[in-house]
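# Mind looking at a prediction? Sequence and model below.
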Amino acid sequence: MPYSAVPYSDADLLDARLVAPRRPGRWISAAITLVLAAMLVHTLVTNPRFQWGVVRQYFTSSSVISGLELTLWLTAATMTAGFVLGVGLAYVRLSGSPIPRAFAFGFVWLIRSVPLLVQLLFWYELASLYPKLSVGIPFGPSFGTTSTAHLFSGELAAFVTLTLDVAAFSSEIVRGGILAVDRGQSEAAQALGLGTLRIFRRIVLPQAMPAIVPATGNLLIGTLKATSLVSVIAVVDLLYSVQLIYNANFEVIPLLLVATAWYIILTTLLSIGQYYVERRYARGSGRGGGERSARSLRRIARDNVTVFPHSTAGTSVGGL
């Protein structure tokens, strides 16, 4: 019997069993992924050169924990100071004053153009360029002078470098989030007589946060990993701590695995926190978490199913 002659009813269509399409490529890619993962686990377990016993021995040693504390402090301090400075730069970039806006643009352009390691070495060697720093009247007499030879230590150079880098990138993150908000909403609020600060705090910022938070979380994780660069100027962070140990006992791979494990743990914790913060600010924007998405899919499916009238008449759906 031709397909067009089968008398299907709405009830038959609703009761019909849906058959998922075959996707052989998905099964093949899943099998390849499982094989590669099994190979990775096998080499981690069976290769004695990883020396997991040495990794356990130094994982919580006092020198490693001390370097870890400095890494965490450096990350928190530079993110806090840099983000505050970045918000100020974003405000200047969005202002109508041309000279400060040009200065802010030039600062962001310069910091984003120069590699972070080059900036770090530059600030560490600042005494070679400016042996002394003075305070006084511009282009006039100075009231006090200090030597930069002992002023810019490794820790201070690392703090300044990472802070300026965070400021440049966070300013673009904040500026992009603010520009993503429709300007018509601010104009409507101004027409209602709301002040500039209240408009920013109650209207612009809540809508900009879903765009700012994910990029800021990525910047935080990137800053945490970028702190490892300070080891080149002998700042005793997590990486430099393990370098000091393996320079003494020559157990290079196990000590590098210690640093790797700590970085993985820290970035994982930050990623989990970023997920919950993103879900908090995504409420009401249609970009909620998995539970919200599942409820939305069920609601959409239910609403679409009710389009068909619930008729009881019909025949069997042979072969559907």
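Arrived safely, thanks for sending.
# Summarise which helices and strands the top helix by length along the chain is packed against.
Identified as the longest helix of the chain according to DSSP state H is helix 62-94. Secondary-structure packing of helix 62-94 (3 or more CB pairs under 8 Å, 6 or more residues apart in numbering; DSSP states H and E): helix 98-113, helix 154-179, helix 205-226, helix 238-249, helix 252-281. C-beta: built from backbone N, CA, C; applies to glycine.
# list the contacts for Leu89?
For Leu89, the contact set (CB atoms under 8 Å, 6 or more residues apart in numbering) comprises 104, 107-108, 167-168, 171.
# need the residues you listed in JSON lines with pLDDT, distance to Gly273 and neighbour count, can you?
Listed next are the contacts of Leu89 as JSON lines, based on pLDDT from 0 to 100; distance: CB to CB, whole Å; neighbours: other CB atoms under 10 Å:
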{"residue": "Ala104", "pLDDT": "92", "distance to Gly273": "30", "neighbour count": "22"}
{"residue": "Phe107", "pLDDT": "94", "distance to Gly273": "29", "neighbour count": "18"}
{"residue": "Val108", "pLDDT": "94", "distance to Gly273": "27", "neighbour count": "20"}
{"residue": "Ala167", "pLDDT": "96", "distance to Gly273": "22", "neighbour count": "23"}
{"residue": "Ala168", "pLDDT": "95", "distance to Gly273": "24", "neighbour count": "22"}
{"residue": "Ser171", "pLDDT": "94", "distance to Gly273": "23", "neighbour count": "27"}
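# Looking at those, which is nearest Leu129?
Phe107 (18.6 Å; CB to CB).
# from memory that closest one sits against Phe169, does it?
No - the criterion here is CB atoms under 8 Å, and Phe107 misses it with Phe169 at 11.8 Å.
# mind showing which ranges of the protein have poor pLDDT?
Scanning the chain for pLDDT under 70 picks out 1-10, 12-13, 283-320.
# Could you rerun that using 90?
1-27, 45, 49-50, 91, 94-98, 125-154, 177-211, 213, 234, 274-320 (pLDDT under 90).
# Centroid-nearest residue for it?
Asn218 (0.9 Å; CA atoms, centre = their mean).
# residue contacts, that residue?
Contacts of Asn218 (CB under 8 Å, 6+ apart): Gln274.
# how close does it get to Thr260?
As judged by CB to CB, to the nearest Å, Asn218 and Thr260 stand 20 Å apart.
# before we move on, the earlier item: would CSV of the contacts of Leu89 with distance to Gly195 be doable?
Shown next, in CSV, are those (distance: CB to CB, whole Å):
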residue, distance to Gly195
Ala104, 24
Phe107, 29
Val108, 28
Ala167, 27
Ala168, 30
Ser171, 24
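# residue contacts, the nearest residue to Gly217 once chain neighbours are set aside?
Among residues not flanking Gly217 along the chain, Gln274 sits closest, at 3.4 Å (CB to CB, 6 or more residues apart in numbering). Gln274 is in contact with 213-214, 217-218, 220-221, counting by CB under 8 Å, 6+ apart.
# Determine the number of other residues adjacent to the nearest residue to Ile212 once chain neighbours are set aside.
Excluding its sequence neighbours, the residue lying closest to Ile212 (CB to CB, 6+ apart) is Gly177, at 3.9 Å. Applying other CB atoms under 10 Å, we find 22 other residues in the vicinity of Gly177.
# Gly177 contacts Pro206, correct?
No - counting by CB under 8 Å, Gly177 sits too far from Pro206 to count as a contact (10.9 Å).
# follow-up on the earlier one: give me the distance between the residue nearest to the centre of the chain and Lys225.
Distance from Asn218 to Lys225, by CB to CB: 11 Å.
# cool, Ile212 as well?
21 Å.
# Looking at the two, which is more packed in?
More crowded of Ile212 and Lys225, by other CB under 10 Å: Ile212, with 20 against 13.
# can you give me the angle the longest helix of the chain makes with helix 154-179?
Angle of helix 62-94 versus helix 154-179, following axes from the mean of the first three to the mean of the last three CA atoms, to 10 degrees, is 40 degrees.
# Show me which residues of helix 62-94 are buried.
Residues of helix 62-94 classed as buried by neighbour count (16 or more other CB atoms under 10 Å): 64, 67-68, 70-71, 74-75, 78-79, 81-83, 85-87, 89-93.
# what's the neighbour count on Arg202?
With other CB under 10 Å as criterion, Arg202 counts 11.
# In contact with it: list those residues for me.
Leu194.
# secondary structure class for it?
Three-state assignment for Arg202 (DSSP: H, G, I helix; E, B strand; the rest coil): helix.
# can you tell me how far it sits from Gly184?
For Arg202, the distance to Gly184 (CB to CB) stands at 16 Å.
# for His150, same thing?
As judged by CB to CB, His150 and Gly184 stand 56 Å apart.
# try Leu255
Taken as CB to CB, the span from Leu255 to Gly184 is 57 Å.
# who's more crowded, the two?
In this view Leu255 and Gly184 are compared by other CB under 10 Å, and Leu255 has more residues nearby, 27 against 8.
# contacting residues for that one?
Here Leu255 is in contact with 54, 58, 242-243, 245-246 (CB under 8 Å, 6+ apart).
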